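Engineer: Okay, predicted coordinates and the sequence, questions at the end:
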Amino acid sequence: MGLVRLRRPAPFDLERFERDCDSLASALSRSDTPFLRSYPGAAWPADTSPGVAALAIADSAFGGRYRTVITRWLDAVRRRLDPDLGAITHAADPVDGTPLGGPRGESLALMSCILVDVDSS
């Protein structure tokens, strides 16, 4: 993701990056949950978060094309926070994104350092 922030990324396939971002944005737009399936029958919020961070970085570099998808994703995540800690859970139901099992430190650590690109608050 950091390569996109460089003025002259090389070697970096910008067209592929844009296609991948479009593909992810489309999948998120069609999904009933903010956490896409990572494995058969499983959704791990920390697996979807880097992709959303990539969309946010693309937005900052190329002009806001994914803002609606990102805003919708943030709203959906906020509705699914762990009720006790107010944090994103380690696992989620792959169908509707309901939190499963509460937050875990390793997932929160990963998401905290990348989601600042999505929403600094």
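Structural biologist: Sure thing, it's come through. Numbers count the residues shown, from 1 in each chain.
Engineer: got the residue ranges for the helices in this protein?
Structural biologist: 2-5, 14-30, 45-62, 67-78, 105-115 (DSSP state H).
Engineer: from the ones you listed, which stretch is densest packed?
Structural biologist: helix 45-62 (a mean of 20; mean count of other C-beta atoms under 10 Å). Every residue, glycine included, has its C-beta placed from N, CA and C.
Engineer: Residues contacting that helix, please?
Structural biologist: 1, 4-5, 17-18, 20-21, 24-25, 28, 34-36, 38, 65-67, 69-70, 73, 77, 88-92, 106-107, 110-111, 114-115, 117-118 (C-beta atoms under 8 Å, 6 or more residues apart in numbering).
Engineer: Does Ala76 touch Pro34 like I think?
Structural biologist: Yes. Using C-beta atoms under 8 Å, Ala76 is in contact with Pro34, at 3.9 Å.
Engineer: which neighbours do the two share?
Structural biologist: Common neighbours of Ala76 and Pro34 (criterion: C-beta under 8 Å, 6+ apart): Gly97.
Engineer: that older thread, could you dump the helices of the chain to a markdown table with distance to Thr98?
Structural biologist: Below are the helices of the chain laid out as a markdown table (distance: least, C-beta to C-beta, whole Å):
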| stretch | distance to Thr98 |
| --- | --- |
| helix 2-5 | 33 |
| helix 14-30 | 17 |
| helix 45-62 | 12 |
| helix 67-78 | 12 |
| helix 105-115 | 16 |
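Engineer: got these as JSON lines, with mean pLDDT columns?
Structural biologist: Compiled in JSON lines, the helices of the chain are given as follows (pLDDT from 0 to 100):
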{"stretch": "helix 2-5", "mean pLDDT": "51"}
{"stretch": "helix 14-30", "mean pLDDT": "94"}
{"stretch": "helix 45-62", "mean pLDDT": "92"}
{"stretch": "helix 67-78", "mean pLDDT": "96"}
{"stretch": "helix 105-115", "mean pLDDT": "81"}
